[in-house]
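[1] Would you be able to build a 3D model of this:
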Amino acid sequence: MMRALALLLAFVAGPASAVTCADDTFEGHSFTACTVDAATEDLRLFHRNADGGVLGGWTALGASVAPQSVQFAMNAGMYHDDRRAVGLYIQNGVETAPLVTRAGPGNFGLLPNGLLCLTDDSANVIESLTFELTKPACRDATQSGPMLVIDGKLHPRFIPDSPSLHVRNGVGTMADGKTAIFAISNDAVNFDTFGRYFRDVLKTPNALFLDGSVSRLYAPELNRADFGFAALGPIVGVVQ
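    Next up is the predicted model:
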């Protein structure tokens with residue numbers, strides 16, 4: 001837990017370099033968490049190149065924005081076979097997929113789900129029905145599900161001893177609306193463990209599951225660039 005405490009202190013200590021990433025452990029599981037100050041760093045969503053082709057991974061992302069400028073990247077939500085976003089997707093103010101609020105099969109439909117809403121100086125995880133009611137302006141947004149933590153409480157349908165184990169990634173945001181913490185499990189965990197990591201260690205009042213099994217992280221600070229055979233859909237990243 002000492003590393004978890006050091007990680008949390010780094011998150012709340014104030015402005016840092018573009019991204020601060022650190023490995024961590026929780027209940028015998030390995031995690032990597034990266035914090036971004038959205039008020040000072042350029043945190044954005046990426047999906048397609050200038051020709052409309054799906055980026056799909058770190059090499060194409062780097063080529064589209066200059067490789068040396070990518071400080072951090074992670075897959076950022078579920079997608080169809082053709083790499084279209086499953087739920088709401090907004091990039092640079094342009095909506096290309098609508099908000100989905102109905103229950104359905106799979107993790108996305110395990111309500112409540114939510115979305116990550118980015119502006120030029122803020123980052124917030126918002127539950128989908130709340131977003132539909134309040135309609136906050138998002139420069140970029142990606143919807144996924146389920147929510148991991150909702151106003152400080154774990155998703156009500158998580159099962160502590162669930163045998164559904166996968167490598168998973170997600171994002172949590174602090175109440176200040178400025179700090180986003182992206183985390184990935186480095187071994188297989190269930191939703192309950194992953195949600196409690198955000199709630200109890202990272203202390204994010206709201207957190208969102210982004211995906212599982214295909215979860216990947218690009219963190220040059222840690223000399224890490226996860227490889228996968230299948231192309232990704234939406235990607236979230238910090239460029240400098």
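[2] What is the three-state secondary structure of the closest residue in space to Gly195 that isn't next to it in sequence?
    Nearest residue to Gly195, sequence neighbours excluded (C-beta to C-beta, 6 or more residues apart in numbering): Leu148, at 4.0 Å. For every residue, glycine as well, the C-beta is placed using N, CA and C. Assigned with DSSP: H, G, I helix; E, B strand; the rest coil, Leu148 falls in the strand class.
[3] got a list of what Leu148 touches?
    Leu148 sits next to Leu154, His155, Gly170, Gly172, Phe191, Phe194, Gly195, Phe198, Arg199, Ala207, Leu208, Phe209 when contact means C-beta atoms under 8 Å, 6 or more residues apart in numbering.
[4] The fourth one pairs with what?
    In this structure, Gly172 has the following beta-bridge partners (DSSP bridges): Ile181, Ala207.
[5] what pLDDT does it get?
    Gly172 is assigned 99 on the pLDDT scale.
[6] do Ser17 as well
    Here, the pLDDT recorded for Ser17 equals 54.
[7] Same check on the one 3 residues further on?
    Turning to Thr20, the model gives it a pLDDT of 97.
[8] Gly106 versus that one, what's the distance?
    In this view, Thr20 and Gly106 are 33 Å apart by C-beta to C-beta, to the nearest Å.
[9] and those two? which has more neighbours close in?
    Thr20 (18 against 10; other C-beta atoms under 10 Å).
[10] Verify the stated contact: that one with Val238.
    No: contact between Thr20 and Val238 fails when scored by C-beta atoms under 8 Å: they sit 10.9 Å apart.
[11] Could you give the separation of the longest strand seen in the chain from the chain centroid?
    The longest strand of the chain (DSSP state E) is strand 29-37. Chain-centre distance of strand 29-37: 10 Å, with C-alpha atoms, centre = their mean, to the nearest Å.
[12] Low-confidence ranges, this protein, go.
    Residue ranges of the chain with pLDDT under 70: 1-17.
[13] and His29, how many residues sit next to it?
    16.
[14] Look up the residues forming beta bridges with it.
    Beta-bridge partners for His29, by DSSP bridges, are Phe26.
[15] rewinding a little: what helices or strands is the longest strand of the chain leaning on?
    Packing partners of strand 29-37 (3 or more C-beta pairs under 8 Å, 6 or more residues apart in numbering; DSSP states H and E): helix 2-12, strand 20-26, strand 70-75, strand 179-185, strand 217-219.
[16] mind running it again at 6 Å?
    strand 20-26, strand 179-185 (3 or more C-beta pairs under 6 Å, 6 or more residues apart in numbering; DSSP states H and E).
[17] what comes into contact with it?
    11, 15, 19-21, 23-24, 43, 72, 180-187, 189, 238 (C-beta atoms under 6 Å, 6 or more residues apart in numbering).
[18] For Leu208, give me its contacts.
    Leu208 neighbours (C-beta under 6 Å, 6+ apart): Gly114, Val125, Ser144, Met147, Gly170, Val171.
[19] need the helices for the chain, in chain order.
    Using DSSP state H, the helices of the chain run over residues 2-12, 58-65, 128-134, 191-196.
[20] What distance do you get for the residue lying farthest from the centre of the chain to Phe227?
    Distance to the chain centre peaks in the chain at Asp51, reaching 25.7 Å (criterion: C-alpha atoms, centre = their mean). Distance of Asp51 to Phe227, given as C-beta to C-beta: 24 Å.
[21] Ala230: neighbour count?
    11.
[22] how about stretch 151-162: buried residues?
    For stretch 151-162, the neighbour count (16 or more other C-beta atoms under 10 Å) marks Leu154, His155, Phe158 as buried.
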